[in-house]
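Visitor: Model the following, please.
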Amino acid sequence: MSRRVGNLPGSESVTSFVGRRAMVGEIRGLLGSARLVTLVGTGGMGKTRLAIRVAESAHRAFTDGVWIVELAELRDPTLTDHAIIDALGVPDRSAESSRDVLVEHVRDKSLLLVLDNCEHLIDACGEVIAAVLRAAPGVRVLATSREALHVLGEHIVPVPPLSFSGNGDPLQHEAIQLFAERAAAAVPGFTLDADNREAVARLCARLEGMPLAIELAAVQLQAMGADEILDRLEDRFQALPTVLRGAPARQQTLRAAVEWSYALCSPAEQTAWARLSVLPGGFDLATALAVIGRDSLTTQEATDAITGLVSKSVLSRSARSSRYHVLETIRQFGRELLRGSDAEVDVSRRHLHHFADLAARARHDWSGPRQPEWAAMERREQVNFREALRFGFDTDADRPATVRMAVDLRHLWVMGAGREGREWVDRALAELHDDTPLRAEALWVAGWVRQVQGDPIGSAAILTECIAVAERLGEQLTRARAEQFLGVNELLGGHLDEADALLSGAQSTYRSLGVADSESLIGLAAHGWLRLIEGEDREAERIAEQCRRLSREVGESWAATWALWVLGLIGWTRSDEILASAALREAIEIKRELGDWLGIPCCVEVLIWVLAESGRHRRAARLVGANQELWLPIGLPMFGFADYLQAHEHCTATLREALGDTRFDAERTAGAHMSPEATVDYALGTPQQTRTADSSPLTRREGQVARLVADGLTNREIAAQLIISPRTAEAHVENILSKLGYTSRTKIAAYLRADPDLAD
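Guide: Coordinates of the predicted model:
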């Protein structure tokens, strides 16, 4: 056995390396074509261990060895060259400069240089790397840093958190696997079992897959259970105080790792870090600039600071969505910095005003062509709206703006966030003591939210109060809103005459005022539904089509889905499967785009009845289980309407009789385990996108080569393994890159990781 050349740690590493197997192969493969690869990521993400693992797997490719240079404790940039020389074991020749000695030593060498923790020596590291790469064609450099080195030819590989969520065996997720291994080392006899699996999974999710935080949490099991650690994570710097003895100082505690990153930031970046900590969710550039403000940084300075935080791996940015994200551990550190400072209240107030303005714009512009855009914005920013509302109601910063925001977010509340919306709208009402237009508006919104939650009694009481307030104020539109939703309550209760009077009166007011918006058009669809219940299916169809036409005229899509729902019901009552299925599927597709998770189960329910009556019993039975799960976070199925609850029970009995108890229960159980998106796909009959060997763009041989590329093998190593010439191996790799539209070997590994069947 040949002696390993270099100074890598031996195989007797103190702790095992967990996860990132595909990433190791990807980086190793990249080193076959790139001279400099830099692993970037925030502190505690495991860059050093990943680099060492890659170096260990690649050491045979370098005849002159693999050498690691630890730079974390080096404070003087002028000593960077000397630190590398020391690591290489080169004798000091004082008559020559360290740079000359280093370059002369590596000029004819085939070696891998691992420079660990370059972030505080960016310029010095960049200069020496550039000089080495120019002079020594056989040298490869693998660097770790919290920001890129900006050297010509540098390939940057972001190091993400360990995977911590998804389906399947929890131990298949890297974060949970790491926790289990470290916990077993800290607490002899610890195993992941049915009693602790859920708590450990939630703990790893709360720690967002950060390896350092997970290792610190695992050690805490010596003193408390996983549930207790979870309860204490509100302040994770206090919850995870453990010192990892033997680790570099910057990695001994979670706080030390984050403080190291903070110290590397400029004053402007530190200011931005602290102020952006008020944002609990993702955010875009406009939001970031609004929150940072202009009291101490200009817009350009703030933009530059955000860019700097991204480059230092404090923030991450999604190229697809153009949104920024910050790990909760990083955010909590920023909150500590902001808390108690002179800027704390001003920053939170700017956050409140920014999102109050967004909510007002969405409400004003809702009934039009931009509706899908506004719906997506409200869902995307829900956590930020929540934080703004919490701050506004818990302080005296700006109570009127907070109340207005709670009412303006009505569409978010009634499209699936009713439980939360009810709390915020009720808090708004508690602030509104006098009869004002805003109080009247808040009353009908509160009544609407209660209605979609299946609380007709509470809804009716608050809507009746709204009508009285609107009459005193002379607010005709507000009265029409309240009459409309009160009419729906009467319809749900089976009081059809009262429902007709209220719905007709509301529509008359809308026409006189020239109003054609979401609420009024939904009221028109409800009027069509009433006519159907009364047995007038032709009139119901006419009204539903009228609602669709008016919706198209104003660019409204949400109300149109309720008209389609009515048409689906009409098709069901007529046993017209074509009409019912087409209308319901169109409604579901639009509702999914809008995120209307209140309306989707309504449509799926009727589709189940249609499928059952057409003899597709297995499909219907599976959707029964799936749809039951969709109703759970909302409230009473079908708003508690007795006739449709009976229809559901009749359908279930029919399916059970047709399939038998065992088959029906199996299908329903299978449906109950489907995700909401999978339920929608199944309801729409969207075919599963399965890939077969025949559909792969690669030949069988190319598939074999692709797997070896992903494992990090060079062309020569691939040739040896497959017993082909290096030239043939090179040709295969070029063909693979061409077919997949890539220019880098690392992309092949990423593609196979996303689609393992590609090379089968």
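Visitor: Specify the local secondary structure of residue 143.
Guide: Secondary structure, DSSP: H, G, I helix; E, B strand; the rest coil: residue 143 is strand.
Visitor: Give the burial count for it, as a bare number.
Guide: Around residue 143 there are 28 other residues, counting by other Cβ atoms under 10 Å. From N, CA and C alone the C-beta is placed, and that goes for glycine too.
Visitor: same check, this time on residue 140
Guide: By other Cβ under 10 Å, 23 other residues sit near residue 140.
Visitor: Following element in sequence after the helix or strand where it lies, please.
Guide: According to DSSP states H and E, residue 140 maps onto strand 139-145. Next helix or strand after strand 139-145 toward the C-terminus (DSSP H and E): strand 154-158.
Visitor: coming back round to it: can you tell me the average pLDDT over the strand holding residue 140?
Guide: For strand 139-145, the mean pLDDT works out to 94.
Visitor: again with stretch 301-316
Guide: For stretch 301-316, mean pLDDT is 89.
Visitor: for that stretch, which positions count as buried?
Guide: Neighbour counts over stretch 301-316 (16 or more other Cβ atoms under 10 Å) mark 301-306, 308-309, 311-316 as buried.
Visitor: How about stretch 448-458?
Guide: Those would be 448, 449, 450, 451, 452, 453, 454, 455, 456, 458, for stretch 448-458 by 16+ other Cβ under 10 Å.
Visitor: cool, and stretch 336-354?
Guide: By neighbour count on 16+ other Cβ under 10 Å, the buried set for stretch 336-354 is 337, 338, 343, 344, 347, 348, 349, 350, 351, 352, 353, 354.
Visitor: isn't the second one right up against residue 273?
Guide: No - distance between residue 338 and residue 273: 9.1 Å, which falls outside the contact criterion (Cβ atoms under 8 Å).
Visitor: Could you dump the buried residues of stretch 336-354 into CSV with distance to residue 502, pLDDT and secondary structure added?
Guide: Output for those, formatted as CSV (distance: Cβ to Cβ, whole Å; pLDDT from 0 to 100; DSSP: H, G, I helix; E, B strand; the rest coil):
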residue, distance to residue 502, pLDDT, secondary structure
337, 55, 88, helix
338, 50, 90, helix
343, 51, 88, coil
344, 49, 89, helix
347, 47, 94, helix
348, 43, 94, helix
349, 42, 95, helix
350, 43, 95, helix
351, 41, 96, helix
352, 37, 96, helix
353, 38, 97, helix
354, 39, 97, helix
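Visitor: ok so, going back, inside helices: which ones of the buried residues of stretch 448-458?
Guide: Applying DSSP state H to the buried residues of stretch 448-458, the entries found in helices are 448, 449, 450, 451, 452, 456, 458.
Visitor: Format those residues as a markdown table; extra columns: distance to residue 42 and pLDDT.
Guide: Below are these laid out as a markdown table (distance: Cβ to Cβ, whole Å; pLDDT from 0 to 100):
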| residue | distance to residue 42 | pLDDT |
| --- | --- | --- |
| 448 | 44 | 96 |
| 449 | 40 | 94 |
| 450 | 44 | 92 |
| 451 | 46 | 91 |
| 452 | 41 | 87 |
| 456 | 51 | 87 |
| 458 | 47 | 93 |
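Visitor: would TSV of those residues with distance to residue 189 be doable?
Guide: Listed next are those as TSV, based on distance: Cβ to Cβ, whole Å:
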residue	distance to residue 189
448	55
449	50
450	52
451	54
452	50
456	55
458	52
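Visitor: And those residues, which is closest to residue 733?
Guide: Closest approach between these and residue 733, by Cβ to Cβ: residue 452, at 56.7 Å.
Visitor: List the contacts of that closest one.
Guide: For residue 452, the contact set (Cβ atoms under 8 Å, 6 or more residues apart in numbering) comprises 414, 418, 598, 634, 635, 639.
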